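Q: Pasted the sequence and its predicted model underneath.
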Amino acid sequence: MALVLHAGKINKNAFKTLIAAEYSGVEVKLVDNFEMGVSNKTPEYLKMNPIGKVPVLETPDGPIFESNAIARYVTRLKTGNPLLGSSLIDYAHVEQWIDFASLEIDANIMNWLRPRMGRVVYLPPAEEAVIAALKRALGALNTYLASNTYMVGHSVTLADIILTCNLYLGFTQLMTKSFTSEFPHVERYFWTMVNQPNCRKIMGEVKQTETVVPVQSARRPAQPKEAKPKTKDEPKKETKKEVQREQPKAAEEEEEAPKPKPKNPLDLLPPSKMVLDDWKRLYSNTKTNFREVAIKGFWDMYDPDGYSLWFCDYKYNDENTVSFVTLNKVSGFLQRMDLARKYAFGKMLIIGSDPPFKVKGLWLFRGQEIPQFVMDECYDMELYDWKKVDISDEGQKERVNQMIEDHEPFEGESLLDAKCFK
């Protein structure tokens, strides 16, 4: 019998096997009409994998589950397959990086994604810890890739295939350009891999997400009363049932991507002459004459009709008695603001040489108000007093300039640190 893979067409864990098969010249057929949450709950499927996880490979000798095991099996069907390296030490390194891809990359990406999909309760401190762990892993990977094109040797191996597939949901759902720009060698590696002919044939065109997938509630709609509903309400009842069925379908498996994101209201605003990425690029690239180049460039670009500026002051500065705790507090705030990356720029100043330290900020937002989705989803916002900047007031305008350029002293005090959100 032919090898048959049970999975959906956009399942990143199925990609591992299908790409390995392309490199190995092995024929693997993707089962027709697979539906997550339905096909993998049938008695026939549960005989192949008792817990219903996806994918499963049917072989002449019996089924195999767990995506890495399936990819290894398909790769070993070709004698002397270069995907496994050319020596014993190469093979060990292939296995090493497969473990790294699973334990350090995939695990952290999925622990970031699942709460946002609504599969488990969303806890900002837990997300902050997961993002920190992922950045640690990406930092190590970035260092390695600074002097290596591929993970083992000078050509693609199974380690590259599995690592690329494990990075896939990160790049397409969570890790915006501003996030991955900290890891340029990882960026280069990922785009090199997804554009390899065998990868592109399976994955199609891959595009990096512009925003982090929004947080979805983990709660389900309440069940209707036992009383028989009116006929005209029947469609609504059916819709509610569909919502309940579709939500676990989307989050049931690690591999399933969320549904297409709804249009952000800020994308529906009239076009602005200010291109936010141009300003962020100017800010990042200006190393000298900052006031003359970057600050002047900001006001030349600034569109008061399309954007607004806001000062923020932390309400509880008397609690900021330990420097590293204060710095971590601000860093956590900026991480949780990642959902607004496409629509905002910010500067946060931690002020003072001795405790308690003051925290003040300047934010540029698309539109004339602070975006409602930011107020709703970033709990830090309520910890600050917010005041809209009046750019006709030269004093406020100069304060904006000083905050953008990290002017020191600021309002008569030294800076402990300054952090930028861009």
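A: Arrived safely, thanks for sending.
Q: Now do the contacts for Phe100.
A: Phe100 sits next to Ala137, Leu141, Leu163 when contact means CB atoms under 8 Å, 6 or more residues apart in numbering. For every residue, glycine as well, the C-beta is placed using N, CA and C.
Q: Looking at the residues you listed, which is nearest Asn328?
A: Ala137 (19.6 Å; CB to CB).
Q: Can I take it that that closest one is in a strand?
A: No. Ala137: not assigned to a strand; according to DSSP: H, G, I helix; E, B strand; the rest coil it is helix.
Q: where in the stretch 251-400 of the chain is pLDDT low?
A: 251-262 (pLDDT under 70).
Q: Which parts of it are helices?
A: 276-285, 290, 296-301, 323-336, 372-377, 394-404 (DSSP state H, counting those that start in this stretch).
Q: closest to Trp191 out of those?
A: The closest of these to Trp191 is helix 276-285. By CB to CB, the value is 18.4 Å.
Q: Please state the offset of that closest one from the chain centre?
A: Distance of helix 276-285 from the chain centroid (CA atoms, centre = their mean, to the nearest Å) equals 22 Å.
Q: contacts for the next helix or strand after that helix?
A: Once the chain leaves helix 276-285, the next helix or strand it forms, by DSSP states H and E, is helix 290. Helix 290 is contacted by residues Glu405 when judged by CB under 8 Å, 6+ apart.
Q: With distance to Asp106 and mean neighbour count as added columns, please give the helices of the stretch 251-400 of the chain in CSV.
A: Shown next, in CSV, are these (distance: least, CB to CB, whole Å; neighbours: other CB atoms under 10 Å):
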stretch, distance to Asp106, mean neighbour count
helix 276-285, 30, 15
helix 290, 41, 17
helix 296-301, 40, 14
helix 323-336, 20, 17
helix 372-377, 25, 15
helix 394-404, 38, 16
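Q: And those: which comes nearest Pro265?
A: helix 372-377 (7.6 Å).
Q: Strands of the stretch 1-150 of the chain, start to end?
A: Here the stretch 1-150 of the chain has its strands, by DSSP state E, counting those that start in this stretch, at 3-6, 28-30, 56-59, 62-65.
Q: Tally up the residues packed near Arg42, please.
A: One thing to correct before we go on: residue 42 is Thr, not Arg. 11 (other CB atoms under 10 Å).
Q: Over to Ala133?
A: Around Ala133 there are 15 other residues, counting by other CB under 10 Å.
Q: Pick the one among the contacts of Phe100 closest to Tyr73.
A: Of all the contacts of Phe100, Tyr73 sits closest to Leu163, with 18.5 Å by CB to CB.
Q: which residues sit in contact with the closest one?
A: Taking CB under 8 Å, 6+ apart, one finds Trp97, Ile98, Phe100, Ala101, Ile105, Met151 in contact with Leu163.
Q: quick one: what helix or strand has it in it?
A: helix 158-169.
Q: Sweet, I'm off.
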